[in-house]
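Asker: below are the sequence and a predicted model; questions follow.
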Amino acid sequence: MNKKTKKVNNKHIWFYKVRGSYLPASRSGWLTYIPYVGYMVFAYVVGIKDISKVWVACLFILSNWVSAFAVMTMLAIKKS
């Protein structure tokens, strides 16, 4: 099945599964994906502000990234 046929048959999906990951396939997917990336950057910036304690910054960043990734993956699975 080629990509054009897949797009025509699945107009209601938000994400495509690509090698174990999910990429936006529609406007709704992009409107969900852009704030997700923005949150990841925001968590990184807030985390590196407290650079005096590196382990606290790493723990903050890692916990935020893992939770955001889990939520985004569950949403992508549901909407693909």
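Answerer: Received it, and whenever you're ready, just let me know what you need. Small disclaimer: the values here were computed from a predicted structure and weren't measured.
Asker: could I get the full set of helices for the protein?
Answerer: Remark: helices assigned in the chain by DSSP state H are 3-9, 27-49, 54-79.
Asker: mind putting the ones you listed in CSV, mean pLDDT, distance to Gly20 and mean neighbour count included?
Answerer: Any C-beta I mention is one placed from the backbone N, CA and C, and that applies to glycine too. As requested, these are arranged in CSV below (pLDDT from 0 to 100; distance: least, CB to CB, whole Å; neighbours: other CB atoms under 10 Å):
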stretch, mean pLDDT, distance to Gly20, mean neighbour count
helix 3-9, 52, 18, 10
helix 27-49, 94, 17, 13
helix 54-79, 93, 10, 14
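Asker: OK, contacts around Leu75?
Answerer: Thr32 (CB atoms under 8 Å, 6 or more residues apart in numbering).
Asker: and the gap between it and Lys53?
Answerer: Leu75 sits at a distance of 33 Å from Lys53 (criterion: CB to CB, to the nearest Å).
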